[in-house]
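S.K.: build me a model:
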Amino acid sequence: MPEILFNPVQVTVLMRIALQDRELGDRKLHAEVEEVLSQLRGREGVQDVSLVAVKVAPEVPIGMTPRNIGGFLPGVLQAEVSLPYVMQVLEFLRDRLLENRRIEMSLKSSDGKSFSSRASNPEELDFLMQEAESFFYPHHEK
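M.R.: Numbers count the residues shown, from 1 in each chain. Purely as a prediction, here's the structure:
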């Protein structure tokens, strides 16, 4: 069966990253994520980046809403990134966000591939990045 070839520059990956930090309150974590968000906006390969809005599901009882900060989930952001730049964005996030935090991320590419994982320390994030690279570039040689 012939291998399907694609142009990685044309493939985009929707990255959803959720941070958890037991020592920071929601507002401080939200402020940190907003700062990283503004830094991501200027990075090459990042086509769009935003906070993730709270979507109140119909089954939520009246008067009860999910925990949120001004309509956004605390510590959650999403970015649309060109495939060749995904690893650079992950390195950027590792350098700025991992200390004493847990990162959960899901990556979904416009060609239908998806990948989810979590990391609680630099070693786990490095492994996660290797796994993501192998997933999106299965025949890539280092």
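S.K.: contact partners for Ser110?
M.R.: Residues in contact with Ser110 (Cβ atoms under 8 Å, 6 or more residues apart in numbering) are 11-14. Every C-beta, even on glycine, is put in place using the N, C-alpha and C of the backbone.
S.K.: and if we set it to 7 Å?
M.R.: 11-12 (Cβ atoms under 7 Å, 6 or more residues apart in numbering).
S.K.: that one and Thr12: what is the separation?
M.R.: 5 Å (Cβ to Cβ, to the nearest Å).
S.K.: repeat for Glu123
M.R.: In terms of Cβ to Cβ, Glu123 sits 29 Å off from Thr12.
S.K.: neighbour count for the two, which is higher?
M.R.: Each of Glu123 and Thr12 has its neighbours counted (other Cβ atoms under 10 Å); Thr12 has more, 20 against 9.
S.K.: these two touch, right, that one and Pro84?
M.R.: No - counting by Cβ atoms under 7 Å, Thr12 stays clear of Pro84, with 10.4 Å between them.
S.K.: so in the chain, which strand runs the longest?
M.R.: strand 72-82 (DSSP state E).
S.K.: packing partners for that one?
M.R.: Strand 72-82 sits against strand 12-20, helix 26-41, strand 46-53, with contacts defined as 3 or more Cβ pairs under 7 Å, 6 or more residues apart in numbering; DSSP states H and E.
S.K.: no more questions from me, cheers.
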